[in-house]
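[1] Predicted coordinates and the sequence they were generated for:
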Amino acid sequence: RTETGLSLKGTKTAQVRRVPLNAPALAALHAHRARQLEQKMHRRREYADSDFVFADELGQPWHLGSISNAFARTVAAAGLERVRLHDLRHTCASWLLNRGTDVRTVAAILGHSSATTTLSMYAHVMPGAEAAAVQRIALEAAP
């Protein structure tokens, strides 16, 4: 956001990256796209197709606060405790690391330039990693 409005810019690393998605996420995005196409057809003359994944009914990018507000309403409607949209990123990283996903893979999913960045932020969520690793050695070496 600038004084003159929204300004599009690239990623922090200036690199395009692909984000892996599972089948339910892809299905949700396809359904969302279908709803967008309906809006576009319904408001053909007013619709400014800017090719945004998340756009308002006229094709304009959502106001940044609108995204957080919509997420907060969804969380409240589901009866969940208050959580910020960005917290999902940390939850994902913590969940993956706690279940044994290697740090390089988690770093790639998060878009970190190196696994060192990921480790410095999430090492605290893997307190038993060393003990588990030593235990795996013992299990593999057992006769």
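    Yep, it's here.

[2] Pull the contacting residues for Gln39.
    Tyr47, Glu57, Gly59 (Cβ atoms under 8 Å, 6 or more residues apart in numbering). To be clear about C-beta, it is placed using only N, CA and C from the backbone, and glycine gets the same treatment.

[3] buried sites along the helix or strand hosting it?
    Using DSSP states H and E, Gln39 maps to helix 23-42. Neighbour counts over helix 23-42 (16 or more other Cβ atoms under 10 Å) mark Gln36, Lys40 as buried.

[4] Beyond it, next helix or strand please.
    Proceeding N to C from helix 23-42, the next assigned helix or strand is helix 64-77, under DSSP H and E.

[5] Any idea how far stretch 89-104 is from the middle of the chain?
    13 Å (Cα atoms, centre = their mean, to the nearest Å).

[6] Quick one: mean pLDDT for it?
    Mean pLDDT, stretch 89-104: 91.

[7] Buried residues, that stretch. List them.
    For stretch 89-104, a neighbour-count test (16+ other Cβ under 10 Å) marks Ala93, Ser94, Leu96, Leu97, Val103 as buried.

[8] Next: stretch 108-121.
    Within stretch 108-121, the residues scored as buried using 16+ other Cβ under 10 Å are Ala108, Ile109, Leu110, His112, Thr118.
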